[in-house]
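would you be able to build a 3D model of this:
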Amino acid sequence: MVVGSAMYEHGRKCWFCCSYGLSRLRDKRVWCSACRSKYSLRKLKRDLKVLYYFYLEVSARKCARELGLNYKTIAKRYMQYREAILRYSENDFKKLHGKIEADESYFGGKRKGNRGRGAFNKQAVFGILERNGRVYTAVVENVSAKTLFNHIKKKTRKGSVFYTDCFKSYKDLKQYGKHNRVKHSKTFGKGHNHINGIEGFWSFAKERFHKYHGINKQNYPLYIKEMEFRFNNRKENLYARLIGVIRQFAPKNT
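Model (predicted):
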C-alpha cells in the first residue's frame, strides 16, 4: 500500500467519482451508488502498484519482472499513462508569462556526425520555460521562424520578456515582447541574460531518456510530455498528481 492510494485500495473511496461509502458485492467487487460503477479492488490495487513503479521511473520490463506480470501488458499500461499525461497537459495548460526562456533541443539518433541544429536523424523539440514556473514542450518537424513563433503566440502572453540564443528563427520575437538575445560566449550564466532554465530542463529530460535504449520516433511526443509533467510537478506529491491524472484521463481498465 502506498500513501495516496489507500482510500481507493480499501474501497473507502470510489476510483471513478471519489464518492465515499462503497458497497461490497458477493463476487468481491465493490459498487458505488453515486456513479453506479462496479470494479475489482484486487485489480485496482495491482494497477496502482504498476502506476507506483511508473512514478518511480522503473522500466516496464523491471516492473513486469518484480510484479510477476506480462511485460507487454505493463508496457501498454505505461503508454496509456503517457497518453493520459498528454491529454491532461493539453487540457490544463495556461499561457506562460513574465520572464520566458525559449530554446530547441534534439533527441535520439545514433549516427555520428553533427550535433545540435542540423544533426542527422534527430528529433527536434521546442521548449518554452517561465522562470520560476512551468515549462511547455512540443515536438516540431522543423525549427523555422514560423513554426517556433506559432508555438510562442499560442503558449505565451504578448508583452512578456523573452530570452533566447542568437538563432535566426528568433529575430522577429521583438514584435511580440521584449527580446534579449544571449551570446553564450559572453553572457552565459551572467545576471538575468541567460537561458539556463530551459537548458536545465533539456538535461533533466535527456538524463532520464538514457535508460530507454532508444525511443520510437512517433512516440516522442508522449515521452517529452511525460518529462514536462515530471518537471512541472517536481516540487509536488507527484504520485498523488499522477493518480488524479490517470483517474481523469486514462482508459477505464478497472
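
what mean pLDDT does the one helix or strand Leu44 maps to have?
If you go by DSSP states H and E, Leu44 is part of helix 41-55. Computed over helix 41-55, the mean pLDDT rounds to 96.

report the buried residues of it.
Leu41, Leu44, Lys45, Asp47, Leu48, Lys49, Val50, Leu51, Tyr52, Tyr53, Phe54, Tyr55 (16 or more other CB atoms under 10 Å). (Glycine included, C-beta is placed from N, CA and C.)

so the fifth one makes contact with Met7?
In this case it means Leu48. No - contact criterion CB atoms under 8 Å: Leu48 and Met7 do not qualify, at 11.1 Å.

counting contacts, what elements does the helix holding Leu44 pack onto?
Judged by 3 or more CB pairs under 8 Å, 6 or more residues apart in numbering; DSSP states H and E, helix 41-55 is in contact with helix 6-9, helix 60-67, helix 71-92, helix 238-249.

got the angle for that helix vs helix 71-92?
70 degrees (axes from the mean of the first three to the mean of the last three CA atoms, to 10 degrees).

name the nearest residue to Lys122, ignoring sequence neighbours.
Tyr106 (3.8 Å; CB to CB, 6 or more residues apart in numbering).

bridging residues for that neighbour?
As for beta bridges, Tyr106 partners with Ala124 under DSSP bridges.

next one: it from Val140, what distance?
To Val140, Tyr106 is 11 Å away according to CB to CB, to the nearest Å.

what do those two both touch?
Ala124, Val125 (CB atoms under 8 Å, 6 or more residues apart in numbering).

between these two, who's got more neighbours?
Remark: of Tyr106 and Val140, Tyr106 carries more neighbours, 20 against 16, as counted by other CB atoms under 10 Å.

and that one, how far from Cys17?
Distance from Tyr106 to Cys17, by CB to CB: 43 Å.

contacting residues around Glu228?
For Glu228, the contact set (CB under 8 Å, 6+ apart) comprises Ser89, Val135, Tyr136, Thr137.

do Trp15 as well
Tyr8, Ser37, Tyr39, Leu44, Arg247, Thr254 are the contacts of Trp15 under CB under 8 Å, 6+ apart.

of these, closest to Val125?
Lowest distance from Val125 to these (CB to CB) belongs to Arg247, with 28.2 Å.

wait, that closest one touches Cys14, no?
No - Arg247 is beyond contact range of Cys14, at 9.9 Å (criterion: CB under 8 Å).

more neighbours: the two, which one.
Neighbour comparison, Arg247 and Cys14: the larger count goes to Cys14, with 22 against 16 (by other CB under 10 Å).

any idea how far Thr164 is from that one?
Separation of Cys14 from Thr164 (CB to CB): 47 Å.

also Ala124?
Note on Ala124: its distance to Thr164, by CB to CB, is 15 Å.

cool, Asn196 as well?
13 Å.

anything in contact with each of these two?
Taking CB under 8 Å, 6+ apart as the contact rule, Asn196 and Thr164 both touch Glu101.

who has more neighbours out of those two?
Thr164 (23 against 14).

count of neighbours near Gln175?
9.

likewise Leu222?
20.

gap between the nearest residue to it once chain neighbours are set aside and Ala75?
Spatial nearest neighbour of Leu222, chain neighbours left out: Arg82 (3.9 Å); criterion: CB to CB, 6+ apart. Noted for Arg82: a distance of 11 Å to Ala75, by CB to CB.

who has more neighbours out of those two?
Using other CB under 10 Å, the more surrounded residue of Arg82 and Ala75 is Arg82, with 19 against 15.
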